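Novice: structure, please.
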Amino acid sequence: MEVNRFFDFEGGNMSARTESVNITAKDENVEKEEKRTEGVKRQRIPTAVKIVSVALVPVIVLFVSLFLYGMYIQNAAQIYANITIGGVNVSGLTQEEALQALGVTEHDERINNTRIGLILPDETEIIISGHDVDMQHNIREKVEAAYSIGRGEGVFLDAISYMQSYSAEEMVFNVEFSLNEDLLNSIVTEVAEVYNADLEASVPVILEDRIDFTKGAGQVNANDQRMFELTYVGLFDSLESGNVVEITYELQGDIVFVLEVMELRNEIFVAAASSELDLETLEATECVIGVDFDTHEFATLVGEAELGETVTVYFDFTYPEITQEYMESLLFRDLIGRRTTQAGGTAGRLNNINIANQAINGTILLPGDEFSFNQIVGPRTSARGFQSAPVISNGQFVPGIGGGICQTSSTLFAAIRPSELRVTERRPHSRPISYLPPGWDAAVAWGHIDFRFVNNTDFPLKIYMSLEGRTVTAEVWGTIRDDFPREADWNS
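Specialist: Now for the predicted structure:
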């Protein structure tokens, strides 16, 4: 209303003033809107800050608390909870307090007082102390290890570990004592070497039928390994009791000497061995006479003997069951079988029998070998000297090269028939023959009929075949043992 009145007074300049008034009003409105918006913003920002601050406060407090607690733990001198050393609960103790609770000073004193007296057979006494062998305990090491538990992982983790230790299972450390074994070994080795320096051992004299042995001091030497074992145990016994432990070292000459006796037996011992037949050379191997002696008796006698006394132990000789001479006497010793037959017919037939006999004569069959008539005699051809003579073919006598050699195979079969030799192939003639009774003959024909048998004895066989006049003789020689019976009448 005031504006309109103002414009009424100004009259002619009304438009310009109206515009001016409008702009002024607009500016005032914009200013008011900006103030209102700024007021709203001022109200929203403090609310968000409050929310975030409220949420972070516990986290910050926890973080700061853990950090301060961790710093406290790291700087604290106490051992965590639930830790035991050598049966003593050291929880909450400082390292120094733990050492006192464990009696570290007393343990140090025990080691200082540990000592043994090693008395040798010559009554020399050697004193060895815990200090000499660097005897130690591990109490300080275990206390340091116990203190380090839960520490060194950072401020926060150390704080967490400390809190968890109250509910954790008990952690146990053992108190142990030890000594320097190398030092102890060097001490006892030197003691043994000094003691044994002037002692000499006797050397066994090995004769043909005995051992002569003069006992020397070397058989009762001090043994450094045994001495080490005794002193080692003695030092810990002294540590436990708190007193000096005396050890009387007794020489173990009999025990040590047993080992030397066993080595001597290995040198002398020979196992008995019977002669055997060399199947390649058909010669008997040399037999071996066994040699041994009673090691227990020897060691006992030496142990009971005085120094300088001579002990004699005689050998035990074991003679082989089969000597070389006996084995040689067995070779082709026994007549396994023999047969003679009378040969009739032409000169050509006798010629053929003679050729077959010569082919077989002297044949040697090793154990397991099989005799084959056809393989040994071979083809019956004129080129090989065979002549025409009657042969049985389809039950009839007809001319044929090699006729008559069936008498050789039949005579040989008749020779072994009563024995235990195993015949693997044999066929009778198709008609009776005049020179042998029925069932005693063995027909042969090159290529399809053979006479075969196996040497099923443990010794070689040797076959002899001959023709003297018209007498055909077959002999088989070998070795008859108790488990290989034979017939007595070869010509029955």
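
Novice: make it CA atoms for all contacts and neighbour counts henceforth
Specialist: Will do.

Novice: quick one: residues in contact with the helix or strand hosting residue 353.
Specialist: Following DSSP states H and E, one finds residue 353 within helix 347-360. Helix 347-360 has contacts (C-alpha atoms under 8 Å, 6 or more residues apart in numbering) with 343-344, 376-377, 385-390, 402-405, 407-408, 463-467, 470.

Novice: what mean pLDDT does the next helix or strand after that helix get?
Specialist: Where DSSP H and E defines the elements, the next helix or strand beyond helix 347-360 is strand 363-365. For strand 363-365, mean pLDDT is 96.

Novice: chain center to strand 363-365: distance?
Specialist: 48 Å (C-alpha atoms, centre = their mean, to the nearest Å).

Novice: and it, what does it pack onto?
Specialist: On a contact count with 3 or more C-alpha pairs under 8 Å, 6 or more residues apart in numbering; DSSP states H and E, strand 363-365 meets strand 461-468.

Novice: tell me how far the strand it packs on is from the chain's mean position?
Specialist: On C-alpha atoms, centre = their mean, the centre of strand 461-468 falls 58 Å from that of its chain.

Novice: same question, stretch 404-412
Specialist: 63 Å.

Novice: contact partners of that stretch?
Specialist: With C-alpha under 8 Å, 6+ apart, stretch 404-412 has contacts from 338-341, 343, 349-350, 352-353, 356-357, 373, 389-391, 435-436, 440-444, 451, 472-475.

Novice: so which of those are in helices?
Specialist: 349, 350, 352, 353, 356, 357, 373 (DSSP state H).

Novice: mind putting those residues into CSV with pLDDT and distance to residue 178?
Specialist: Shown next, in CSV, are those (pLDDT from 0 to 100; distance: C-alpha to C-alpha, whole Å):
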residue, pLDDT, distance to residue 178
349, 95, 105
350, 96, 104
352, 96, 101
353, 97, 99
356, 97, 94
357, 97, 94
373, 98, 88
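
Novice: from those, keep the buried residues only.
Specialist: For the ones in helices among the contacts of stretch 404-412, a burial check counting by 16 or more other C-alpha atoms under 10 Å picks out 349, 350, 352, 353, 356, 357, 373.

Novice: per-residue confidence at the nearest residue to residue 432 once chain neighbours are set aside?
Specialist: Nearest non-adjacent residue to residue 432, counting by C-alpha to C-alpha, 6 or more residues apart in numbering: residue 438, 6.5 Å away. pLDDT, residue 438: 93.

Novice: how much space between residue 438 and residue 427?
Specialist: 12 Å (C-alpha to C-alpha, to the nearest Å).

Novice: more neighbours, those two?
Specialist: Neighbour count, other C-alpha atoms under 10 Å: between residue 438 and residue 427, residue 427 has more, with 15 against 12.

Novice: could you measure from that one over to residue 89?
Specialist: 105 Å.

Novice: and what about the residue nearest to residue 432, helix, strand or coil?
Specialist: Put simply, residue 438 is coil when judged by DSSP: H, G, I helix; E, B strand; the rest coil.

Novice: so it sits against residue 429, correct?
Specialist: No - Residue 438 lies out of contact with residue 429 (C-alpha atoms under 8 Å); the separation is 9.3 Å.

Novice: low-confidence regions, the stretch 101-250 of the chain specifically.
Specialist: 121-122, 150-168, 195-202, 216-222 (pLDDT under 70).

Novice: now the helices for it?
Specialist: With helices called from DSSP state H, counting those that start in this stretch, the stretch 101-250 of the chain shows them at 104-113, 139-148, 155-165, 181-196, 224-241.

Novice: now the buried ones among the ones in helices among the contacts of stretch 404-412 as a markdown table including distance to residue 249?
Specialist: Listed next are those as a markdown table, based on distance: C-alpha to C-alpha, whole Å:
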| residue | distance to residue 249 |
| --- | --- |
| 349 | 99 |
| 350 | 97 |
| 352 | 94 |
| 353 | 92 |
| 356 | 88 |
| 357 | 86 |
| 373 | 83 |
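
Novice: quick one: buried ones out of the contacts of stretch 404-412?
Specialist: 338-341, 343, 349-350, 352-353, 356-357, 373, 389-391, 435-436, 440-444, 451, 472-475.

Novice: and the gap between residue 364 and residue 462?
Specialist: Distance from residue 364 to residue 462, by C-alpha to C-alpha: 4 Å.

Novice: got phi/psi on residue 84?
Specialist: phi -120, psi 140 (degrees, to the nearest 10).

Novice: was I right to think it contacts residue 170?
Specialist: Yes - under the criterion of C-alpha under 8 Å, residue 84 makes contact with residue 170 at 7.2 Å.

Novice: tell me which of the two has more neighbours.
Specialist: Between residue 84 and residue 170, residue 84 has the larger neighbour count (other C-alpha under 10 Å), namely 19 against 13.

Novice: now the more buried one: closest residue in space that isn't a chain neighbour?
Specialist: Looking at residue 84 with C-alpha to C-alpha, 6+ apart, the closest residue is residue 172, at 4.8 Å.

Novice: since we're on that neighbour, how many residues are nearby?
Specialist: 16.

Novice: could you single out the nearest of the ones in helices among the contacts of stretch 404-412 to residue 302?
Specialist: residue 373 (69.4 Å; C-alpha to C-alpha).

Novice: excluding its backbone neighbours, what's nearest the closest one?
Specialist: Nearest non-adjacent residue to residue 373 (C-alpha to C-alpha, 6+ apart): residue 451, at 5.5 Å.
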